[in-house]
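1. test case, fold it:
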Amino acid sequence: MCLFKNRKWKLTALTLVCLSLTAVGCGDGTLDEDEDISVSTDATLDASLTDGLISDSTEQDATAPSDTQAGDDTGEPSDTSTSEDTGEDTGGDSAGACPGGPGCECSADADCTKGACLMDKDAKKTCAAPCASDDDCADDRVCQDQDGAKLCVPKGASICAPCKANSDCAYGDPTGACVDAADGQGLFCGTGCSQDSDCASDESCADVKDVDGNDVKQCVPAPGATCSCTGYGIATKAETICYAAGLPGCTATVQCLADGEAGAPAGGGLTTCNPAAPTDEACDGTDNDCDGEADEDGATLCDDKNDCTADSCGAGACENKPAAGDACDDGNACTQGTACTDTGTCEGTAVVCDDNNPCTDDSCDIAVGCTTTNNNGGCDDNNACTSGDTCALGLCSGATVTCDDNNACTVDACDIAVGCTTTNENDGTGCDDGSKCTKDDACTSGACGGTKVVCDDNNPCTIDACDIAVGCTTTNENDGTGCDDGSKCSKDDACIGGTCGGTKVVCNDNNPCTI
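-> You can find the predicted model right below:
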């Protein structure tokens with residue numbers, strides 16, 4: 001069936017069809033202007049009418065033919081227009097009378113009564129009518145600006161065509177983008193999508209980056225499939241940049257060519273990609289190693305092994321400029337702070353080799369720098385708790401100092417900064433003051449002392465004393481020294497050999513009556 005949705009031409013189209021299809025005829029009812037009108041394609045149509053009414057799509061708007069003459073010639077053309085001519089032609093690309101009408105085949109713009117002669121994906125050229133929006137165009141066309149005029153362009157004409165820029169893919173598809181085939185084949189036009197069902201059966205809707213690096217969703221060939229040259233691609237000799245797999249810098253130009261053209265494959269299609277083989281990168285303005293960058297790491301490429309030149313790659317040639325003040329290496333480990341001079345030499349100051357170790361002898365070797373050799377001289381290990389310091393195996397050490405003040409009431413210690421130190425024991429701590437003439441010795445304020453021992457043997461004939469070494473001692477009084485032996489039965493008591501004694505008292509009261 002052919003549907004005519006443009007209400008403007010429904011009545012005209014129906015009239016023309018009814019005049020032509022005498023075998024079929026037209027019904028007698030009243031025409032409802034809001035209804036679509038179907039025409040059976042089983043009927044035999046006059047060629048001039050079918051060319052003017054039916055386009056390649058299965059459903060599209062109809063355009064009034066320029067001649068509505070049918071049956072008997074009335075002498076005047078029928079005017080079926082329902083609106084006045086505004087002077088601006090945006091009637092869309094509903095099928096028109098051929099040749100020259102919208103949808104009719106053409107070879108140049110001059111072949112079209114209005115609009116322009118435009119190519120579709122298969123390189124078929126048809127007349128495209130002016131338009132104001134997509135609503136003015138058939139389902140298989142889109143309203144786009146072409147050289148300053150809006151025309152109904154064949155939809156998807158540039159899909160799968162080789163490209164170098166997004167603008168190469170805009171023809172027939174405002175959502176088209178130039179995307180990488182990812183196999184080195186090159187860049188090809190996709191079409192915008194939101195899901196796989198928006199794409200052809202051999203395509204998928206994928207998140208990809210376009211040639212400008214933008215994230216886009218495009219219908220791209222499914223894994224294992226590739227874009228083949230379309231009629232549009234061959235007719236426009238569309239080209240792209242291909243590269244060796246994994247080496248985006250090794251490129252070549254490929255394009256769609258017709259069979260028989262120089263370089264075209266048999267039967268026509270995309271020419272063979274023959275990129276240059278990668279070589280070592282050099283400073284020549286070329287991406288020699290095919291990594292996508294040219295002359296990268298110029299300082300390495302142009303290194304003249306002179307620290308006092310600034311090496312770089314500029315304009316495809318090495319530049320080695322003097323670099324006064326830059327750090328450099330003079331190859332002498334016994335210099336430091338080396339820098340480039342205005343004369344291009346590398347100079348520095350002598351290294352001072354001193355490891356601050358008195359037990360090593362320091363020197364400098366130009367190959368390795370400072371070196372040390374052990375010595376056996378005297379030294380100071382800066383430790384007050386050692387004495388007699390000497391060097392051994394590169395280390396300074398001495399004998400440990402013994403800190404002991406022989407005071408039981410002090411605690412002895414050693415501080416490496418000052419040497420021996422003492423602190424008092426707690427008061428009351430038991431001790432021995434070394435004297436037998438004291439007892440209950442205890443510490444008080446760092447001193448040991450006790451109470452005095454009382455030496456008394458209760459013998460008047462001895463002299464009591466105390467010796468700190470042995471304690472209490474006695475010596476006899478002189479013999480004859482008077483004393484009291486404590487007995488009333490003696491008299492004239494006197495010391496003899498340290499003993500007190502006297503003569504016996506004669507008790508006689510001269511009374512015979514007493515005992």
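2. quick one, domains of this structure?
-> When the chain is parsed with automatic domain parsing, its domains come out as 1-155, 166-270, 402-453, 462-504.
3. list the residues that contact residue 317.
-> By CB atoms under 8 Å, 6 or more residues apart in numbering, the contact list for residue 317 reads 283, 284. The way it works is simple: take the backbone N, C-alpha and C, and place the C-beta from them, glycine included.
4. tell me how far it lies from residue 302.
-> 9 Å (CB to CB, to the nearest Å).
5. any residues in contact with both of these two?
-> Shared contacts of residue 317 and residue 302, counting by CB under 8 Å, 6+ apart, come down to residue 283.
6. mind putting the domains of the chain into CSV with mean neighbour count, mean pLDDT and distance to residue 346?
-> CSV is the format used below for the domains of the chain (neighbours: other CB atoms under 10 Å; pLDDT from 0 to 100; distance: least, CB to CB, whole Å):
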stretch, mean neighbour count, mean pLDDT, distance to residue 346
domain 1-155, 17, 58, 66
domain 166-270, 18, 91, 37
domain 402-453, 14, 94, 46
domain 462-504, 14, 91, 84
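7. dump those domains into CSV; add distance to residue 294 as well.
-> CSV is the format used below for the domains of the chain (distance: least, CB to CB, whole Å):
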stretch, distance to residue 294
domain 1-155, 37
domain 166-270, 8
domain 402-453, 67
domain 462-504, 106
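8. which one of those domains lies nearest to residue 356?
-> Relative to residue 356, the nearest member of the domains of the chain by CB to CB is domain 402-453, separated by 17.5 Å.
9. look up phi and psi at the closest residue to residue 424 other than its chain neighbours.
-> Nearest non-adjacent residue to residue 424, counting by CB to CB, 6 or more residues apart in numbering: residue 446, 3.8 Å away. With angles defined as degrees, to the nearest 10, residue 446 sits at phi 80, psi 10.
10. OK, contacts around residue 446?
-> Applying CB under 8 Å, 6+ apart, the residues near residue 446 are 407, 409, 410, 422, 424, 425.
11. assumed the fourth one was part of a strand.
-> Yes. For residue 422, which was evaluated using DSSP: H, G, I helix; E, B strand; the rest coil, the result is membership in a strand.
12. any idea how far residue 329 is from it?
-> In terms of CB to CB, residue 422 sits 59 Å off from residue 329.
13. over to the second one?
-> If you measure residue 409 against residue 329 using CB to CB, the figure is 68 Å.
14. do the fifth one as well
-> From residue 424 across to residue 329, the span is 64 Å (CB to CB).
15. before we move on, what about the third one?
-> Residue 410 is 63 Å from residue 329, where distance means CB to CB.
16. one more: the last one?
-> From residue 425 across to residue 329, the span is 66 Å (CB to CB).
17. how many residues are close by residue 273?
-> Using other CB atoms under 10 Å, residue 273 is surrounded by 19 other residues.
18. could you do residue 367 as well?
-> 10.
19. that one in helix, strand or coil?
-> Residue 367 ends up coil, using three-state DSSP.
20. got a list of what residue 384 touches?
-> For residue 384, the contact set (CB under 8 Å, 6+ apart) comprises 401, 414, 415, 416, 417, 418, 419.
21. beta partners of the spatially closest residue to it that is not a sequence neighbour?
-> Closest residue in space to residue 384, ignoring its immediate chain neighbours: residue 419 at 3.9 Å, by CB to CB, 6+ apart. According to DSSP bridges, the partner residues bridging residue 419 are residue 415.
22. I'd assumed residue 402 was in contact with residue 419.
-> No. Residue 419 lies out of contact with residue 402 (CB atoms under 8 Å); the separation is 11.3 Å.
23. who are the contact partners of residue 180?
-> Residue 180 touches 186, 187, 208, 209, 211, counting by CB under 8 Å, 6+ apart.
24. would you list the residues you listed in JSON lines and tack on distance to residue 114 and secondary structure?
-> Below are the contacts of residue 180 laid out as JSON lines (distance: CB to CB, whole Å; DSSP: H, G, I helix; E, B strand; the rest coil):
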{"residue": "186", "distance to residue 114": "38", "secondary structure": "coil"}
{"residue": "187", "distance to residue 114": "35", "secondary structure": "strand"}
{"residue": "208", "distance to residue 114": "39", "secondary structure": "strand"}
{"residue": "209", "distance to residue 114": "40", "secondary structure": "strand"}
{"residue": "211", "distance to residue 114": "35", "secondary structure": "coil"}
